[in-house]
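Asks: sequence? don't have it. structure:
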Ligand code: ATR
């Protein structure tokens, strides 16, 4: 049996097995299965032994292990290196390589939002030169978001409840500006919620965005619930909104490609799997 795995803690909520097992079936990968496993940090050593021994073919990594697994890896891809964050692992020849597919997954989502590819032509690489981007949160996925947006030329402002965690991000991204929780930049073109506030339907971010321009995009990385209060309020103000569904699917499709050399189609059926 060819085993694929997502590790994390907590992990019950992960929809990765649903998506990857759908693609495993669709593309007729024989004797393959994708599972989820809740682990503790002390379990990492054994997991990497399973990968070395070929018992695990491919692995996804989620909170809180995206950085913690780096010492177990022989090589990092460029995105993992830039963000010091790994969400996909594969053994290549005799080396264990860490990849970051959140980074290109988010990049593709934001490119598509502003210029959807038409008639088979890919979306145009979005340019954010001179634009202000306001990021809420400084958790495990935030470096991937910053890296994408800085690469596109955006000015990044970050606010995290625990300010020191936002400050730490300056080691990797010296150009970012940090703000106290509750403060906003003077003007902003995109606001991105990377916090976990919104996972519960009644959660509310206590920041007033009524001063925003009407073209401001409000982006929430959360995809379940589909519309958090953060997005609902933005929609009611008449702003553009987007949830994390497509980013989740793109990061998964990149991981599937890394493991199998098949770039899976993001079809209606796979999108429907997330509608719950
Ligand atoms: P981790 O911090 O372990 O990487 P995460 O889920 O990736 O976990 O990140 C959680 C993010 O949501 C953090 O930015 C966290 O802020 P703190 O660093 O201050 O903990 C943020 N967060 C969680 N609950 C929050 C709340 N009630 N208000 C504001 N921010 C919150």
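Replies: Received the coordinates, thanks. Model, not experiment: these values are computed from the prediction.
Asks: Verify the stated contact: residue 191 with residue 209.
Replies: Yes: contact criterion C-beta atoms under 8 Å: residue 191 and residue 209 qualify, at 6.6 Å. C-betas here are computed from N, CA, C, even on glycine.
Asks: Name all residues that make contact with the residue in the stretch 101-250 of the chain that the ligand sits nearest to.
Replies: Closest contact between the stretch 101-250 of the chain and the ligand, by C-beta to the nearest ligand atom, is at residue 139 (2.2 Å). The contact partners of residue 139, by C-beta atoms under 8 Å, 6 or more residues apart in numbering, come to 63, 165, 194, 195, 196.
Asks: what is in contact with residue 191 and residue 209 at once?
Replies: With C-beta under 8 Å, 6+ apart as the test, residue 191 and residue 209 both reach 216, 218, 234.
Asks: Show only the entries of the residues you listed found in strands.
Replies: Judged by DSSP state E, those include residue 218 as members of strands.
Asks: Out of the shared contacts of residue 191 and residue 209, which end up buried?
Replies: Among the shared contacts of residue 191 and residue 209, the ones that count as buried by 16 or more other C-beta atoms under 10 Å are 216, 218, 234.
Asks: For the chain, which segments are assigned as helices?
Replies: Chain-ordered helices for the chain, with DSSP state H as the definition, fall at 16-26, 44-52, 78-83, 102-114, 142-151, 163-168, 229-237, 245-260, 268-273.
Asks: a markdown table for those, including mean pLDDT?
Replies: Formatted as a markdown table, the helices of the chain follow (pLDDT from 0 to 100):
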| stretch | mean pLDDT |
| --- | --- |
| helix 16-26 | 98 |
| helix 44-52 | 98 |
| helix 78-83 | 98 |
| helix 102-114 | 93 |
| helix 142-151 | 97 |
| helix 163-168 | 98 |
| helix 229-237 | 97 |
| helix 245-260 | 98 |
| helix 268-273 | 95 |
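Asks: So which of the ones you listed is nearest residue 89?
Replies: The minimum distance between residue 89 and the helices of the chain falls on helix 44-52, with 6.6 Å, by C-beta to C-beta.
Asks: Now that closest one: buried residues?
Replies: Within helix 44-52, the residues scored as buried using 16+ other C-beta under 10 Å are 44, 47, 48, 51.
Asks: same check, this time on stretch 196-204
Replies: 197, 198.
Asks: now it, how far from the centre of its chain.
Replies: 18 Å (C-alpha atoms, centre = their mean, to the nearest Å).
Asks: now swap in stretch 105-117 and tell me
Replies: Mean-position distance between stretch 105-117 and its chain equals 14 Å (C-alpha atoms, centre = their mean).
Asks: buried ones in that stretch?
Replies: 105, 106, 107, 108, 109, 110, 111, 112, 113.
Asks: do stretch 26-38 as well
Replies: Quick answer for stretch 26-38 (16+ other C-beta under 10 Å): 29, 32, 34, 36.
Asks: for stretch 60-71, same thing?
Replies: Those would be 60, 61, 62, 65, 66, 69, for stretch 60-71 by 16+ other C-beta under 10 Å.
Asks: Quickly name whichever of these is closest to residue 230.
Replies: Relative to residue 230, the closest of those is residue 62; by C-beta to C-beta it sits at 21.3 Å.
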